[in-house]
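Enquirer: Sequence and predicted structure are below.
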Amino acid sequence: MELFPDRKKLIELAYYKMPYGKYKGRYLLDLPEAYLIWFQRNGFPEGKLGEQMRAILEVKMNGLEGLIRKIREEFPKDIQ
């Protein structure tokens, strides 16, 4: 079985920003891992934000931050 990540979803994940709170306006990738783990324990928000936060936590836990940063470099937001 081959897995092919959805390019649009990865680009969207790379540019998703926290919409509220202490870290409002920061890319989810730049949130502290401890903050994401707190949400994991206490419940992620519902909807797209929660899904993106879960995905970023997985990225961080697996040491793949560089992949998301590279996506931001190679696919600038203005040319998506």
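Expert: That came through, no problem.
Enquirer: for the nearest residue to R72 once chain neighbours are set aside, what are its contacts?
Expert: With sequence-adjacent residues excluded and distances taken as CB to CB, 6 or more residues apart in numbering, R72 is closest to A14, at 4.7 Å. The way it works is simple: take the backbone N, C-alpha and C, and place the C-beta from them, glycine included. Counting by CB atoms under 8 Å, 6 or more residues apart in numbering, A14 touches Y27, L29, I68, R69, I71, R72, F75.
Enquirer: In helices only, show me the residues you listed.
Expert: Those of the contacts of A14 mapping onto helices are I68, R69, I71, R72, per DSSP state H.
Enquirer: about what we covered before: I'd assumed the residue nearest to R72 was in a helix, is it?
Expert: Yes: per DSSP: H, G, I helix; E, B strand; the rest coil, A14 lies within a helix segment.
Enquirer: sorry, back to before: among the ones in helices among the contacts of A14, which one is most surrounded by other residues?
Expert: Highest neighbour count within those, by other CB atoms under 10 Å: I68, with 21 neighbours.
Enquirer: coming back round to it: TSV for the ones in helices among the contacts of A14, including distance to I56 and pLDDT?
Expert: TSV is the format used below for the ones in helices among the contacts of A14 (distance: CB to CB, whole Å; pLDDT from 0 to 100):
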residue	distance to I56	pLDDT
I68	8	93
R69	12	93
I71	13	91
R72	13	91
